[in-house]
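Undergrad: Mind looking at a prediction? Sequence and model below.
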Amino acid sequence: MVRGKSEGLNATHKKNKILNGEEEREHSKVGKKSKYQLIEYNSLPAFLRDNEFILDYYRSEWPLKQIILSIFSIHNETLNVWTHLIGFFLFLFLTIYTAMRAPMIVDSLQHLPDVIGKADLKKIHEELLKCLPSLPNITNLHKFKNELSTSLHALNFSSLSGWNVMEHVTKCLPEHFSLSNRFNLSQINGLKDETMDFVSPSIVPPITRWPFYAFLGGAMFCLLASSTCHLLACHSQRLSYIMLRIDYAGIAALIATSFYPPVYYSFMCNPFFCYLYLGFITLMGVATIVFSLLPFFQKSEFRKYRASLFFMMGFSGVAPIMHKLILHREEPEALQTTGYEILMGVLYGLGALIYVARIPERWMPGKFDIAGHSHQLFHVLVVAGAYTHYRDGLIYLRWRDLKGC
């Protein structure tokens, strides 16, 4: 009987062990599942605590594979990642598009007579009469066509005396003559009597594009660095530190390279001021990147100082803009580009203000965890500001291609 009781107890003990083992395995499975679940702000490690008004949907110390896959899932960084990733692809497309469409002076000149030959001369002549009253009413359009084409082939405008073909035709008929080739109109060799015969304008190579491509490169670096940082920073404290440094470097690069097109093309004929302004903003950008490498710079309490530093970089652009307006006060492009630059500054400044103030989540904590919080709005405004600057750069290129110095 004792033996029977002993065997019964052993059987019960074994059964309990099996049950406990199954419970432990179930616990383990649940633990693995919950390990990659989104958590709330109070459960975050210190290095991930940045905005106390965003209360939930955080990723924390996930494996790299799970983090990369999370780009397709919903969490409080999803829109931060995608707003700048889409912006990166937008500027990649704009860079390729600009490179493919950038015309060369030689090609333009070779095909210009053919363009004239295929144009609707009657319509061109009617439109020229509207904006150039002094142009004689040429009834023989065939003669007008041959004379204009011959002159362009010979690069000699003396047979069309009394009016500047390249300057006025491109202004009056932009849809017919969208020319990016540049004639140095300030170095005309012949000024004869009242007719101002234009003889053999001096042809020079197209202006360099590197300042414009430097800006496009800076924009792409900033947008891609920001997107990558928001995706990977939750992996570990070390990776978070590295990615934040790269993110700050990208912001500094965007601000610094944004100066290159307006400064270079505004002062390309004044090398001293051109290199003075370019050197200053470049040194300031490098100093900002070096300063951002300091460990204390990433702490959340330094948020306003980070924004202020980048704001001062942007504000330093006021000096060259004012100088440009004084130097080129008679050029309509100077005012037009300044309008774009003011709009860009407003967009960047508004984004920085929203970022620092943490609006709107500070008013309703937890309501904007997934969408609509300050960092996402900041990202959208940065892309909008950068695109505004791209449009600004196109005006500079057209202006300098046509005008030269």
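TA: Yes, it's here.

Undergrad: hey, C-alpha coordinates of stretch 55-71 in CSV?
TA: Extracted in CSV, the C-alpha atoms of stretch 55-71 (Å, rounded to 0.1, in the frame of the first residue of the first chain):
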residue,chain,number,x,y,z
LEU,A,55,3.2,58.8,-24.5
ASP,A,56,3.1,55.5,-26.4
TYR,A,57,4.0,53.4,-29.5
TYR,A,58,7.7,53.4,-28.9
ARG,A,59,10.2,50.8,-30.1
SER,A,60,13.0,50.0,-27.7
GLU,A,61,16.2,48.0,-28.1
TRP,A,62,14.9,45.8,-30.9
PRO,A,63,17.2,43.6,-33.0
LEU,A,64,18.4,45.3,-36.2
LYS,A,65,16.3,43.0,-38.4
GLN,A,66,13.1,43.8,-36.6
ILE,A,67,13.9,47.5,-36.7
ILE,A,68,14.5,47.5,-40.4
LEU,A,69,11.2,45.6,-41.0
SER,A,70,9.4,48.1,-38.7
ILE,A,71,9.7,50.7,-41.6
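
Undergrad: From P211, how far off is A256?
TA: 12 Å (CB to CB, to the nearest Å). In this view, the C-beta of every residue, glycine as well, is placed from N, C-alpha and C.

Undergrad: Checking I74 next. Helix, strand or coil?
TA: Of the three states, I74 takes coil under DSSP: H, G, I helix; E, B strand; the rest coil.

Undergrad: got a list of what it touches?
TA: 57, 370 (CB atoms under 8 Å, 6 or more residues apart in numbering).

Undergrad: Where does pLDDT dip in this protein?
TA: 1-35, 102-206, 296-303, 306-307 (pLDDT under 70).

Undergrad: domain assignment for it?
TA: 68-102+207-403, 107-203 (automatic domain parsing).

Undergrad: moving C-terminal of the helix or strand where L69 lies, what's the next helix or strand?
TA: Here L69, judged by DSSP states H and E, is contained in helix 64-69. Using DSSP H and E, the helix or strand that directly follows helix 64-69 along the chain is helix 78-101.

Undergrad: Check what contacts that following helix and list those residues.
TA: 71, 212-213, 216-217, 219-220, 223-224, 226-227, 230-231, 370-371, 375-376, 379-380, 382-383, 386-387, 390.

Undergrad: what about the strands in the stretch 151-300 of the chain?
TA: 183-184, 202-203 (DSSP state E, counting those that start in this stretch).

Undergrad: Neighbours of the nearest residue to T257 once chain neighbours are set aside, how many?
TA: Nearest residue to T257 in three dimensions, chain neighbours excluded: G218, at 3.1 Å (CB to CB, 6 or more residues apart in numbering). When neighbours are counted by other CB atoms under 10 Å, G218 registers 24.

Undergrad: And for W363?
TA: Neighbour tally, W363, other CB under 10 Å: 10.

Undergrad: In a helix, it, correct?
TA: No. Using three-state DSSP, the assignment for W363 is coil, not a helix.

Undergrad: Would you mind giving both backbone torsions of it?
TA: phi -80, psi -30 (degrees, to the nearest 10).

Undergrad: With E61 instead?
TA: Torsion angles, degrees, to the nearest 10, at E61: phi 50, psi 50.

Undergrad: That one is in contact with A233, isn't it?
TA: No. In this structure E61 lies outside contact range of A233 using CB atoms under 8 Å: 10.9 Å.

Undergrad: Mind checking which of these two has more residues around it?
TA: More crowded of E61 and A233, by other CB under 10 Å: A233, with 22 against 18.

Undergrad: Please verify my assumption that the more buried one contacts M243.
TA: Yes. Proximity of A233 to M243 meets the contact threshold set by CB under 8 Å, at 4.7 Å.

Undergrad: quick one: R391 and E341 touch, right?
TA: No. Using CB under 8 Å, R391 makes no contact with E341, being 10.6 Å away.

Undergrad: With neighbour numbers in mind, choose between those two.
TA: Legend: neighbour count by other CB under 10 Å for R391 and E341, higher for E341 (20 against 12).

Undergrad: so the more buried one makes contact with I321?
TA: Yes. Contact status for E341 versus I321: in contact at 5.9 Å, counting by CB under 8 Å.

Undergrad: Report the set of residues contacting both of these two.
TA: P262.

Undergrad: which ones are touching S258?
TA: 215, 218-219, 314, 317, 344, 386, 389.

Undergrad: Pick out the most distant pair among the residues you listed.
TA: Spatial extent of those (CB to CB) is set by the pair A219 and G317 at 15.6 Å.

Undergrad: quick one, which of those two is more surrounded?
TA: A219 (29 against 19).

Undergrad: Could you measure from the more buried one over to F212?
TA: 11 Å.

Undergrad: Likewise for F221?
TA: 15 Å.

Undergrad: The two: who's more crowded?
TA: F212 (23 against 19).

Undergrad: can I assume the more buried one is in contact with R398?
TA: No. With contact defined as CB under 8 Å, F212 does not reach R398; the gap is 11.5 Å.

Undergrad: For P295, give me its contacts.
TA: By CB under 8 Å, 6+ apart, the neighbours of P295 are Y241.

Undergrad: Now with 10 Å, please.
TA: 241, 245 (CB atoms under 10 Å, 6 or more residues apart in numbering).

Undergrad: just A249 next, same as before
TA: 221-222, 225, 285-286, 288-290, 292-293.

Undergrad: could you redo those as JSON lines and give each row distance to W363?
TA: As requested, those are exported to JSON lines (distance: CB to CB, whole Å):
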{"residue": "F221", "distance to W363": "34"}
{"residue": "C222", "distance to W363": "29"}
{"residue": "A225", "distance to W363": "30"}
{"residue": "G285", "distance to W363": "35"}
{"residue": "V286", "distance to W363": "38"}
{"residue": "T288", "distance to W363": "31"}
{"residue": "I289", "distance to W363": "34"}
{"residue": "V290", "distance to W363": "36"}
{"residue": "S292", "distance to W363": "30"}
{"residue": "L293", "distance to W363": "34"}
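
Undergrad: Could you turn the buried ones of those residues into a ChimeraX selection?
TA: To isolate the buried ones among the contacts of A249 in ChimeraX, judged by 16 or more other CB atoms under 10 Å, type:
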select :221,222,225,285,288,289,292
